[in-house]
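In: Fold the following, please.
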Amino acid sequence: MVELGRRARAASRSLGLASADMKTQALKAAAAAIRAAAPAILAANDEDLARARADGMSTAFLDRLALDEKRIEGIAAGVDMVAGLADPVGAVTESWTRPNGLLIERVRTPLGVIGVIYESRPNVTADAAALCVRAGNAVVLRGGSDSLLSSGAIHAAFVSGLVEAGLPADAVQFVPFADRAAVGAMLAGLNGNLDVIVPRGGKGLVGRVQAEARVPVFAHLDGIVHVYVHAAADLAMAKTVLLNAKMRRTGICGAAETLLVDRAVAGEMLAPLVTMLLDAGCEVRGDDATQAVDTRVVPAKPEDWDTEYEDAIISAKVVDGLDEAIAHIEGHGSHHTDSIITRDEGAAQRFLTEVDSAIVLHNASTQFADGGEFGFGAEIGIATGRMHARGPVGAEQLTTFKYRVHGSGQTRP
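Out: Numbers count the residues shown, from 1 in each chain. Okay, here's the model as predicted:
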C-alpha cells in the first residue's frame, strides 16, 4: 500500500503538469479502451456476481454490482463526458495589481493524490479516475471486495488509455486485493502520500473514514433533507416539487426526508400534501397536526426527525413560521440539502442565507443535489464539510490554488 502511494505521488507530478489537451485525449482513449474491453469486463463481472449469489447477497445489491453492455457503454460515455469538461488546472480565478506594481494572480492547481474508498458499484472506478485525471490528480482506488474483479478490469482498460496518450500508468492506482487493512493504510495517509480521501458508500464506511482518517475527507454521512412549505407557497408548485423531491428516487442522498409546513397555511395545504404522498405509496410519520388530516399517518417518534430513510417514508411537521423552520433544520438537518417553497422573495433570501447546508434551493426539488445537474459533468461525491469543496465534488472542486506574483524588482521596505 505504501508503494502504491509512493508511485501515485511520483505520477502526480507529471500529471499535474500535463496539458489540458493531453488529459482530454487520455480520457477519450480511456473511454475507447473501456468499450473495447467490454467482453473482459463482463467476464470478470460474471465471476463477481456468481460469488455474490453464493454469499446470499440481496437482489438490490446484485443490481448495484451487475454490469451489461448498456451499463458499460454508460461508463464509457461518462468518461467521454468528463473529457469534454473545461480543464480547471491553470485557470486564473482572480488577479489584481498592488500599489507597488506587483501583479498577483490566484491560480487553480491540482490537489495532488486522492484516495477513493468505495463499495459495490464498479462504475465508480471509472467515474472517480476520470474526474481525478481531469483535475490533474493521481488517485488510489480501493473498491469493494465484492466487485474486485469487475473494478480491476475497468481499471486495466482505463489505464491502457492513459498510457496510449502518454500519461503515466501510475496516475491511477487500484488496490488489487480485498484485505481490509488496505483501508486502514489509506486512512493513515500512506506515509504522507494521500492529500484527500473520498469515501463512496454506506454510513458504516463513511462514518469510519470520517472518524479515523488522518487526512482531509470530502464526504457526507447523512442526507437528512428538508422541504419547507412557507406561508406564501403556491400549493400546486408545492405538490409538484415535494412529490419529486421525495418519490423520484427515494434511495439517493438528495431525497427529501422531512416535510415542514407553515402553520399559517396548514389548514389549506397540509392535507393535500400529505394525501398526495400517501396516495403515491409514501408512508408519512407525522406530528399531532399531521396525524389529524389522515388516519393513515403514523405517529412520528423523536428519532424520526433525525433519520435518513432512503425509502418511501417521510416525516412531517407543522412549524410556526420561518424562524422555527430554520431552527428545526439547524437542529435536525445534516447540512446536505434543503429547499423552501415560497413566492415571498424576502423569506426565500433569509432561508438561503441562514440555512447552513451545502445546497439550499428555492422553489426547486432537492433531487437536483447532483453534480451532473449542476453542470459539473459528474461528481465524485457530495461534501457537507466546511472546506473549499462543499456540495457536489466535481473536477473543479478537486483542485486547490496557489498565488503567482509578478514583479519588476520590487523589494519590501
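In: so which helix or strand takes in the closest residue to residue 126 other than its chain neighbours?
Out: Nearest residue to residue 126, sequence neighbours excluded (Cβ to Cβ, 6 or more residues apart in numbering): residue 75, at 4.9 Å. Every residue, glycine included, has its C-beta placed from N, CA and C. In this structure, residue 75 sits in helix 69-83 according to DSSP states H and E.
In: and residue 299, what is it in contact with?
Out: By Cβ atoms under 8 Å, 6 or more residues apart in numbering, the contact set of residue 299 is 285-286, 291.
In: And for the nearest residue to residue 92 once chain neighbours are set aside, the neighbour number?
Out: On the basis of Cβ to Cβ, 6+ apart, the spatially nearest residue to residue 92 that is not a chain neighbour turns out to be residue 105, at 5.0 Å. Neighbourhood size, residue 105 [other Cβ atoms under 10 Å]: 15.
In: helices or strands up against the helix or strand hosting residue 105?
Out: Using DSSP H and E, the element containing residue 105 is strand 103-110. Of the remaining helices and strands, those touching strand 103-110 by 3 or more Cβ pairs under 8 Å, 6 or more residues apart in numbering; DSSP states H and E are helix 2-17, strand 92-97, strand 399-406.
In: Extract the C-alpha trace of that strand and format it as CSV.
Out: C-alpha atoms of strand 103-110 as CSV (Å, rounded to 0.1, in the frame of the first residue of the first chain):
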residue,chain,number,x,y,z
LEU,A,103,0.6,41.7,-10.1
ILE,A,104,-0.9,38.9,-8.0
GLU,A,105,-2.9,36.0,-9.5
ARG,A,106,-4.8,33.2,-7.8
VAL,A,107,-4.5,30.1,-10.0
ARG,A,108,-6.1,26.7,-9.8
THR,A,109,-3.7,23.7,-9.1
PRO,A,110,-4.3,20.0,-8.6
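In: Neighbouring strands - and their directions - for it?
Out: Paired neighbours of strand 103-110 in the sheet (DSSP bridges): strand 92-97 (antiparallel), strand 399-406 (antiparallel).
In: Off-centre distance for the longest one?
Out: Here the centre of mass of C-alpha atoms in strand 399-406, compared against the chain's by Cα atoms, centre = their mean, to the nearest Å, lies 26 Å away.
In: So which residues make contact with it?
Out: 88-89, 93, 102-111, 135-136, 388.
In: do the same with the first one
Out: Contacts with strand 92-97, where a contact means Cβ under 8 Å, 6+ apart, come from 103-108, 401.
In: Mind giving me the ChimeraX select for the residues you listed, buried ones only?
Out: Buried members of the contacts of strand 92-97, defined by 16 or more other Cβ atoms under 10 Å, are picked up in ChimeraX with:
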select :107,108
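In: so what's residue 392 bridging to?
Out: Going by DSSP bridges, residue 392 forms beta bridges with residue 382.
In: got JSON lines for the helices and strands packed on strand 103-110, with distance to residue 353 and mean pLDDT too?
Out: Shown next, in JSON lines, are the helices and strands packed on strand 103-110 (distance: least, Cβ to Cβ, whole Å; pLDDT from 0 to 100):
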{"stretch": "helix 2-17", "distance to residue 353": "37", "mean pLDDT": "95"}
{"stretch": "strand 92-97", "distance to residue 353": "23", "mean pLDDT": "97"}
{"stretch": "strand 399-406", "distance to residue 353": "26", "mean pLDDT": "96"}
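In: Tabulate those in a markdown table, adding columns for distance to residue 46.
Out: Shown next, in a markdown table, are the helices and strands packed on strand 103-110 (distance: least, Cβ to Cβ, whole Å):
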| stretch | distance to residue 46 |
| --- | --- |
| helix 2-17 | 27 |
| strand 92-97 | 47 |
| strand 399-406 | 38 |
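In: among those, which is nearest residue 334?
Out: Closest approach to residue 334 among the helices and strands packed on strand 103-110 (Cβ to Cβ): strand 399-406, 25.5 Å.
In: Can you give me the pLDDT of the residue nearest to residue 92?
Out: If you check residue 105, the pLDDT there is 98.
In: all strands for the stretch 151-300 of the chain, in order.
Out: Remark: strands assigned in the stretch 151-300 of the chain by DSSP state E, counting those that start in this stretch are 172-174, 196-200, 225-229, 256-262, 283-286, 298-299.
In: so can I have CSV of those strands showing distance to residue 360?
Out: Shown next, in CSV, are these (distance: least, Cβ to Cβ, whole Å):
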stretch, distance to residue 360
strand 172-174, 35
strand 196-200, 23
strand 225-229, 10
strand 256-262, 13
strand 283-286, 24
strand 298-299, 29
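In: Flag whichever of those has the least confidence on average.
Out: strand 196-200 (a mean of 92).
In: name the helices or strands packed onto it?
Out: Strand 196-200 makes packing contacts with strand 113-118, helix 123-134, helix 203-212 when contacts are defined by 3+ Cβ pairs under 8 Å, 6+ apart.
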